[in-house]
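[1] Pasted the sequence and its predicted model underneath.
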Amino acid sequence: MKPLLSCCCLLLLFSCKIDQTKKEVTLATVPSKEIKSQKDSIFNFGPNQAPNPYEVKLAIYQTSKDSYNLEIQMLLYNNAYYASSNSNKDFKGKFTFFIDDTPFFSLKSNLIETPLHVKQVDSESNSNSIPDWIRVNTYYKQQLEIKTSKDFMVRGYIQFTIEPRCSLEKIPVMIKSEKGIVKFEIDKC
């Protein structure tokens, strides 16, 4: 009788065991979007920070019949910075605006930076060099003269290295004219 009772107890013990694989399958079926939002709400102890250390805004303003001002606005977040386009140093990642060669329009002046860059000693290096960093929200203006009344689309890009993340950013842009309306925008393609 004792062996029969112990067999029944063992059988009952094994039948009541929780299946771990079933639990894992249940957890794996939770959508990743919900997990991400739970994680963000649980572990975010400070103020809401911007997901990117910068934001680029583009605009175009007509100044006369065939003349326009292109405007690039660089908004910086979370102590981000980058090298000025006016820097005399040979930075590989300083702010630059490139546009493909085109017969449709011409760029009339150099890129104008407002406010002007601030010279500061680089505390991260041991040298006495004085690099030029942009640490505040900045506007860039470029004059443009349209040479045709036809529709066109010309691509280019804005390039800079965002610090302290140290990543080379290359933002595709386009200047286009459709039915006489000129636009300057980020190229989503």
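    Right, received. Where do you want to start?
[2] do you know how far residue 71 is from residue 138?
    Per C-beta to C-beta, to the nearest Å, residue 71 is found 11 Å from residue 138. Where C-beta positions appear, they are placed from N, C-alpha and C, glycine not excepted.
[3] more crowded one of those two?
    Neighbour count, other C-beta atoms under 10 Å: between residue 71 and residue 138, residue 138 has more, with 20 against 17.
[4] okay, the more buried one: pLDDT?
    Note for residue 138: predicted pLDDT of 91.
[5] Checking the nearest residue to it once chain neighbours are set aside next. Helix, strand or coil?
    Nearest residue to residue 138 in three dimensions, chain neighbours excluded: residue 74, at 4.9 Å (C-beta to C-beta, 6 or more residues apart in numbering). Secondary structure, DSSP: H, G, I helix; E, B strand; the rest coil: residue 74 is strand.
[6] Write down the beta-bridge partners of residue 74, one by one.
    Residue 74 has these beta-bridge partners by DSSP bridges: residue 56, residue 138.
[7] In contact with it: list those residues for me.
    The contact partners of residue 74, by C-beta atoms under 8 Å, 6 or more residues apart in numbering, come to 54, 55, 56, 82, 95, 134, 137, 138, 139, 140.
[8] and with 10 Å instead?
    Contact partners of residue 74, counting by C-beta atoms under 10 Å, 6 or more residues apart in numbering, are 54-57, 80, 82, 95, 113, 134, 136-140, 158, 160, 162.
[9] ditto for residue 115
    Residue 115 makes contact with 134, 136, 137, 138, 139, according to C-beta under 10 Å, 6+ apart.
[10] Now do the strands in this protein.
    Along the chain, the stretches classed as strands by DSSP state E are 54-62, 67-76, 82-83, 96-99, 105-107, 112-114, 118-119, 132-134, 138-146, 152-162, 167-178, 181-186.
[11] With distance to residue 89 added, can I get those strands in CSV?
    Shown next, in CSV, are the strands of the chain (distance: least, C-beta to C-beta, whole Å):
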stretch, distance to residue 89
strand 54-62, 20
strand 67-76, 19
strand 82-83, 7
strand 96-99, 13
strand 105-107, 24
strand 112-114, 15
strand 118-119, 11
strand 132-134, 7
strand 138-146, 17
strand 152-162, 13
strand 167-178, 16
strand 181-186, 28
